[in-house]
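**Student:** missing the sequence, but the structure's below:
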């Protein structure tokens, strides 16, 4: 009796009063206990089903909702929000849960090897193009080789920057991707039994169908040794455009090490309120190859000129810096940048994260900008040396960190329309048309020169700058198409409008 609760005791006494036999009483007690057991099993199963539904809904919310933290302000002119530990952990623009798609089965027409050239974001766009080309040609793509011989001399491999397993698995319903050639074909390549060529720039898909596919069928292995801008911006099937977006916005996930450091940097910025990312492209390589030397002293002009002549692959040697600047073809100097930000009405107390490598001229050239906007943040000073120990001398990995911070900023301002500026612009459009100020540099330098000469007042200057940029904030629009001059038309990755939704449309599921 000591082991029975009150209800069981009553049931036992009821059975005793009815005068049943010992076996009958045991049988009745067994029936009661079995009924109680079934009740608890049903309760347990119901609880499991309910939680499964909750988790499913949460996962669906992650897939359908914006990739970024929803409570962050959209501009530096809104109020500060508080960032919690949970918010910081959810800052990645990739969904936390991922289900493997089914493998696509197709007849393989050969193996495509590619060697990317340029900096991180030029290579990023090229990888998207190569996946789309491989899918269209029904070939097997070998994980792309990254550039290690250009100005940056970054020895990073694909797996050092991107999550290679996610890249392969997430695209397996479109194209087969291998980390390396099968042994038999690898031996053939080592013996030189393959075909290598640079594809023609800005080609449409018919070029790859008519020129590259026959080479793949003949040699089995084809190596594309240059990949920058080798696929046209326009005139492609919608499926190809959407696949380029899928690779860019989903398959190319940075390594966990890079993403974790990115979350840390963003969390530190968020603790102090809204922030603006300034892509200050005033670096030695940009100035040397563009020939833009405005604001440089004689020694610096000579140094930059020597560097340009030292690289034989850079064709343009004699450059008129003043003319190029007036045409709006030069990056803004740090001094011009400070003037531009003030004219746009940016709060001087806002945090400004500088997404760039080493600024040419160092602290001396940053002095004017730092005086006007004292809350400048550099990753080298924001983060501890131990945080960056694996990133030193790896420019592409440092650029990946800048990329993540740029995506999450309240405002993104590039001072030059290079590859990072364009790719980040497009990614921010995809994430809900986040504010990106696209500078009219030709107009800006003209207005700045007028203001400096005294012919234009500050109020007049600021008013004209604001007016000119009112509709240059990364809002929805179609790409400009110039069929016979693809270099001058809008870049696909800056505005992949085929993959975008307007603010009035319901949220997408991809």
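**Tutor:** Arrived safely, thanks for sending. Quick caveat, the model's predicted, so the values are computed rather than measured.
**Student:** residue ranges of the helices in the stretch 151-300 of the chain, please?
**Tutor:** With helices called from DSSP state H, counting those that start in this stretch, the stretch 151-300 of the chain shows them at 158-161, 164-170, 183-190, 205-207, 213-219, 238-246, 256-270, 284-290, 298-310.
**Student:** Please name every helix or strand in contact with the longest one.
**Tutor:** Helices and strands touching helix 256-270, by 3 or more CB pairs under 8 Å, 6 or more residues apart in numbering; DSSP states H and E, are helix 85-89, helix 379-382, helix 395-408. Using the backbone N, CA and C atoms, a C-beta is placed for each residue, glycine as well.
**Student:** how many other residues sit next to residue 339?
**Tutor:** 24 (other CB atoms under 10 Å).
**Student:** residues in contact with it?
**Tutor:** Residues in contact with residue 339 (CB atoms under 8 Å, 6 or more residues apart in numbering) are 448, 451.
**Student:** if we can go back for a sec, make CSV out of the helices and strands packed on helix 256-270 and add mean pLDDT and mean neighbour count.
**Tutor:** Below are these laid out as CSV (pLDDT from 0 to 100; neighbours: other CB atoms under 10 Å):
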stretch, mean pLDDT, mean neighbour count
helix 85-89, 46, 12
helix 379-382, 90, 14
helix 395-408, 95, 23
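**Student:** can you list those helices in a markdown table and add distance to residue 153?
**Tutor:** Listed next are the helices and strands packed on helix 256-270 as a markdown table, based on distance: least, CB to CB, whole Å:
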| stretch | distance to residue 153 |
| --- | --- |
| helix 85-89 | 34 |
| helix 379-382 | 19 |
| helix 395-408 | 8 |
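**Student:** Of all those helices, which one comes closest to residue 341?
**Tutor:** helix 395-408 (16.2 Å; CB to CB).
**Student:** which residues of the stretch 351-500 of the chain fall in strands?
**Tutor:** Along the stretch 351-500 of the chain, counting by DSSP state E, counting those that start in this stretch, strands occupy 351-354, 376-377, 411-414.
**Student:** Against which helices or strands is the first one packed?
**Tutor:** Judged by 3+ CB pairs under 8 Å, 6+ apart, strand 351-354 is in contact with strand 275-279, strand 376-377.
**Student:** Least confident secondary structure element in this structure?
**Tutor:** Across the helices and strands of the chain, mean confidence by mean pLDDT, DSSP states H and E is lowest for helix 6-17: a mean of 34.
**Student:** out of the helices and strands packed on helix 256-270, nearest to residue 356?
**Tutor:** Once the helices and strands packed on helix 256-270 are compared by CB to CB, helix 395-408 is nearest, at 7.3 Å.
**Student:** can you give me how far the closest one is from the chain middle?
**Tutor:** Distance of helix 395-408 from the chain centroid (CA atoms, centre = their mean, to the nearest Å) equals 8 Å.
**Student:** I'd like to know which of the helices of the stretch 151-300 of the chain lies nearest to residue 352.
**Tutor:** Smallest distance to residue 352 across the helices of the stretch 151-300 of the chain (CB to CB): 10.2 Å, for helix 256-270.
**Student:** between the closest one and helix 395-408, how big is the angle?
**Tutor:** Counting by axes from the mean of the first three to the mean of the last three CA atoms, to 10 degrees, helix 256-270 lies at 40 degrees to helix 395-408.
**Student:** centre of the chain versus helix 256-270, how much separation?
**Tutor:** Centre-to-centre, helix 256-270 and its host chain are 14 Å apart (CA atoms, centre = their mean).
**Student:** Name the residues of that helix that are buried.
**Tutor:** 258-259, 261-270 (16 or more other CB atoms under 10 Å).
**Student:** Which residues are in contact with residue 491?
**Tutor:** 233, 422, 426, 479.
**Student:** Which residues are in contact with the first one?
**Tutor:** Right, residue 233. The contact partners of residue 233, taken as CB under 8 Å, 6+ apart, are 202, 479, 481, 486, 489-492.
**Student:** Out of the helices and strands packed on helix 256-270, which gets nearest to residue 127?
**Tutor:** Closest to residue 127 of these is helix 395-408 (CB to CB; 12.4 Å).
**Student:** So which of the contacts of residue 491 is surrounded by the most neighbours?
**Tutor:** Neighbour counts for those, by other CB under 10 Å, peak at residue 426, which reaches 25 neighbours.
**Student:** where's residue 264 relative to residue 401, distance?
**Tutor:** To residue 401, residue 264 is 10 Å away according to CB to CB, to the nearest Å.
**Student:** er, residue 320 I mean
**Tutor:** As judged by CB to CB, residue 320 and residue 401 stand 36 Å apart.
**Student:** ranges for the strands of the stretch 51-200 of the chain?
**Tutor:** Using DSSP E, counting those that start in this stretch, strands in the stretch 51-200 of the chain cover 111-114, 140-142, 177-178, 195-197.
**Student:** would TSV of these with mean pLDDT and distance to residue 445 be doable?
**Tutor:** Formatted as TSV, the strands of the stretch 51-200 of the chain follow (pLDDT from 0 to 100; distance: least, CB to CB, whole Å):
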stretch	mean pLDDT	distance to residue 445
strand 111-114	98	38
strand 140-142	98	43
strand 177-178	98	45
strand 195-197	98	41
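**Student:** Would you mind giving the ones you listed as CSV with distance to residue 165 and mean neighbour count added?
**Tutor:** Below are the strands of the stretch 51-200 of the chain laid out as CSV (distance: least, CB to CB, whole Å; neighbours: other CB atoms under 10 Å):
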stretch, distance to residue 165, mean neighbour count
strand 111-114, 19, 24
strand 140-142, 15, 22
strand 177-178, 10, 17
strand 195-197, 28, 14
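**Student:** Distance to residue 150 added to the ones you listed, as a markdown table?
**Tutor:** As requested, the strands of the stretch 51-200 of the chain are exported to a markdown table (distance: least, CB to CB, whole Å):
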| stretch | distance to residue 150 |
| --- | --- |
| strand 111-114 | 16 |
| strand 140-142 | 21 |
| strand 177-178 | 24 |
| strand 195-197 | 18 |
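**Student:** Ok, which of those comes nearest residue 336?
**Tutor:** Nearest to residue 336, of all the strands of the stretch 51-200 of the chain, is strand 111-114, at 38.1 Å by CB to CB.
**Student:** So what touches the closest one?
**Tutor:** Contacts of strand 111-114 (CB under 8 Å, 6+ apart): 126-127, 130, 133-134, 137, 139-142, 144-145, 178, 181, 185, 189, 194, 216, 220-224, 227.
**Student:** Can you tell me the strand partners of that strand and which way each runs?
**Tutor:** On the basis of DSSP bridges, the sheet neighbours of strand 111-114 come out as strand 140-142 (parallel), strand 221-224 (parallel).
**Student:** Of all those strands, which one is nearest residue 211?
**Tutor:** That would be strand 221-224 among the strands paired with strand 111-114, by CB to CB, at 10.4 Å.
**Student:** Can you give the distance from that closest one to the centre of its chain?
**Tutor:** 27 Å.
**Student:** Repeat that for stretch 417-431.
**Tutor:** 8 Å.
**Student:** contacting residues for residue 403?
**Tutor:** 120-121, 254, 355, 420, 423-424.
**Student:** For these, which single residue is the most surrounded?
**Tutor:** residue 355 (27 neighbours).
**Student:** just to revisit the earlier point, can I get the helices of the stretch 151-300 of the chain in CSV including distance to residue 351 and mean pLDDT?
**Tutor:** Formatted as CSV, these follow (distance: least, CB to CB, whole Å; pLDDT from 0 to 100):
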stretch, distance to residue 351, mean pLDDT
helix 158-161, 26, 96
helix 164-170, 31, 97
helix 183-190, 50, 96
helix 205-207, 44, 97
helix 213-219, 50, 98
helix 238-246, 31, 98
helix 256-270, 6, 96
helix 284-290, 24, 93
helix 298-310, 29, 93
